[in-house]
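**Student:** generate a structure from the sequence data that follows.
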Amino acid sequence: MPKGVEGPFVRIDDVWVIRPQVLVPVAEMLRVILIETHHLKLVNTGRAEKMEILYRYLSSPQFAQKIRMLLETFESMRTDLEAEKKAIQRVWSKRQVQIERVTNSVVGVCGELQAIAEGSLSELDVEPLMALGGEIPALPAEITGNDSIIRGHV
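**Tutor:** Model prediction:
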């Protein structure tokens, strides 16, 4: 090393002078830098040509057709989903009407039985059914013998 130099390396007239102790690490560092530089050079080789090819592909009828097909498929899927949603809602609505009919019928039968038994069937509790939306309908006059309406427990 030149006299007066304390560091591991020095640059003298565009020439790097290094101590023997740092020779291997500096050589490894230079190797990595050269490999990375070469890789970048390879990547950038033909960059303009690659951009031209990409531009031609993006502006081609084939690319437009593929995008159109994707959009049509998406729209078809969305339409199918909406149709399925409406169909399921119709089924649920039908089930709800059926449950309400059954509830009303059961509540009506319970009311009629309580009217016929004149209160001796006190263990028939129709309150839970009424909470489901059922209301005890009017009892036919031919069963009770009068025009009374039974609601709830008797």
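**Student:** three-state assignment of R11?
**Tutor:** Following DSSP: H, G, I helix; E, B strand; the rest coil, the label given to R11 is strand.
**Student:** contacting residues for it?
**Tutor:** Neighbouring residues of R11 by Cβ atoms under 8 Å, 6 or more residues apart in numbering: V17. The way it works is simple: take the backbone N, C-alpha and C, and place the C-beta from them, glycine included.
**Student:** show me the beta-bridge partners of it.
**Tutor:** Per DSSP bridges, the residues bridged to R11 are W16.
**Student:** quick one: it from P2, how far?
**Tutor:** Shown here: R11 relative to P2, a distance of 11 Å by Cβ to Cβ, to the nearest Å.
**Student:** any residues in contact with both of those two?
**Tutor:** Residues touching both R11 and P2 (Cβ under 8 Å, 6+ apart) are V17.
**Student:** ok, and the helix or strand in the protein with the lowest average confidence?
**Tutor:** helix 141-144 (a mean of 48; mean pLDDT, DSSP states H and E).
**Student:** pLDDT (mean, whole number) over the helix of greatest length in the chain?
**Tutor:** In the chain, taking DSSP state H as the definition, the longest helix is helix 61-117. When pLDDT is averaged over helix 61-117, the result is 92.
**Student:** buried set for the strand or helix carrying I35?
**Tutor:** Following DSSP states H and E, one finds I35 within helix 23-44. By neighbour count on 16 or more other Cβ atoms under 10 Å, the buried set for helix 23-44 is empty.
**Student:** the inter-axis angle of the helix or strand following it versus helix 61-117?
**Tutor:** Of the helices and strands lying after helix 23-44 in sequence (DSSP H and E), the nearest is helix 47-58. Orientation note: helix 47-58 sits at an angle of 50 degrees relative to helix 61-117 (axes from the mean of the first three to the mean of the last three Cα atoms, to 10 degrees).
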